[in-house]
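Student: Sequence first, then the predicted structure, then my questions.
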Amino acid sequence: MEQATPAPVIAIVLAAGHGVRFDADNPKQLIKLEGKPVVAWSIDAFQRNERVSDIVIVVNERVRPAMEQLVEDYNFTKVRAIINGGAERVDSTETALAMLADHNVPANAKLLFHDSVRPFVSQRMIDGCIDTLGEFSAATVACPSTDTILMSQDLGDRKVIKSVPNRKECFRVQTPQAFRFETIRRAYELAALDDGFQPTDDTRAVVEYLPDIPVAIVSGSPTNLKITTQDDLPLAQLIAHNLKK
Ligand SMILES: Nc1ccn([C@@H]2O[C@H](COP(=O)(O)OP(=O)(O)OP(=O)(O)O)[C@@H](O)[C@H]2O)c(=O)n1
Ligand SMILES: C[C@](O)(CO)[C@H](O)COP(=O)(O)O
């Protein structure tokens, strides 16, 4: 009997941002933690996972030379392509989707989109995303919110509270965000018809444009932090130090 070919598992590491909130003159994806660039920590997690078959890195022109060099230096053998992203995160995702379609990646491929600046993604989270795509066609890593979240609105020049969602139902979204290729491609096709679409993550495209598709939550961790501003550095350095020990 013919065996069905297993779906490829492709990690897409988004590293085309300019890090304006961190320091636009010092790309945060390349700063070193315990001597290793932030993006190399991220790529390494997917390189080490035996179920991940391929890695695509999305870059901008400024970081490209350093990225090409570190892929060689760290012997990241699963990296199949380093492609140019776009102006916003959503544009970088779209570029990756177009490239995968051009390469005839099958519709059932499992795609894991990851922020290059979340260097401490764990094997448990990566495996959790891959497993969850056996049951759901969309999933995201997220962490229960320990703070109560406020929805705000403008009142003149002040922000005031509009509503207070139940904290027990609030999560802080992280990455990886995982999808069957056909699902995320369809969501982005629909989103492309909407001029106002400017989400900060990929799950939102599914939530808004494919409302019948549930997006499963995979348990995240506060250590899977995103390096966004300089304030995140001391904690990132501490985590890196403890992981290296
Ligand atoms: N056009 C963009 C914008 C962001 N990203 C990536 O998406 C992740 C999101 O993190 P974020 O903190 O928003 O990164 P930046 O966009 O670089 O930061 P800023 O908004 O401060 O400029 C990062 O790994 C970033 O490199 C991307 O690939 N393409
Ligand atoms: C995708 C994300 O990491 C989820 O927390 C985040 O939304 C992307 O970064 P940004 O700071 O919101 O642009």
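Tutor: Structure's in. What do you need? Ligands and ions are numbered 1, 2, ... in the order given.
Student: When you work out contacts or count neighbours from here on, use the C-alpha atoms and nothing else.
Tutor: Will do.
Student: Give me the nearest residue to residue 76, chain neighbours excluded.
Tutor: Nearest residue to residue 76 in three dimensions, chain neighbours excluded: residue 47, at 6.5 Å (Cα to Cα, 6 or more residues apart in numbering).
Student: The one you found reaches residue 80, doesn't it?
Tutor: No. Using Cα atoms under 8 Å, residue 47 is not in contact with residue 80, being 11.6 Å away.
Student: quick one: which helix or strand includes the residue nearest the centre of the chain?
Tutor: Centroid-nearest residue in the chain, with Cα atoms, centre = their mean: residue 114, separated by 2.3 Å. Element membership for residue 114, per DSSP states H and E: strand 110-115.
Student: So which residues on the protein come close to ligand 1?
Tutor: Selection of the chain residues close to ligand 1 by Cα under 6 Å from any ligand atom yields 14-22, 58, 85-89, 92, 115-117, 228.
Student: Tell me which of the residues you listed fall in strands.
Tutor: Among those, the members falling in strands (DSSP state E) are 14-15, 58, 115.
Student: hmm, which two among those are most spread apart?
Tutor: Maximum pairwise distance in these, criterion Cα to Cα, is 10.1 Å, between 58 and 115.
Student: can you list residues touching both of the two?
Tutor: Counting by Cα atoms under 8 Å, 6 or more residues apart in numbering, the contacts common to residue 58 and residue 115 are 13-15.
Student: quick one: which of those has the most company?
Tutor: Neighbour counts for the shared contacts of residue 58 and residue 115 (other Cα atoms under 10 Å) peak at residue 15, which has 29 neighbours.
Student: so who does that residue touch?
Tutor: 29, 39, 57-60, 115-117.
Student: how many other residues sit next to the residue nearest to residue 76?
Tutor: 21.
Student: Check the spacing between it and ligand 2 real quick.
Tutor: 20 Å (Cα to the nearest ligand atom, to the nearest Å).
Student: Please apply the same query to residue 94.
Tutor: For residue 94, the distance to ligand 2 (Cα to the nearest ligand atom) stands at 14 Å.
Student: try residue 138
Tutor: In terms of Cα to the nearest ligand atom, residue 138 sits 14 Å off from ligand 2.
Student: Quickly list what that residue is bridged to.
Tutor: residue 179 (DSSP bridges).
Student: what ranges do the helices span in this structure?
Tutor: Assigned by DSSP state H, the chain shows helices spanning 38-48, 64-73, 89-102, 123-132, 181-191, 203-209, 233-244.
Student: Do any residues in the shortest one lie close to ligand 2?
Tutor: No. No part of helix 203-209 sits close enough to ligand 2 to count as contact by Cα under 6 Å from any ligand atom; the gap is at least 8.4 Å.
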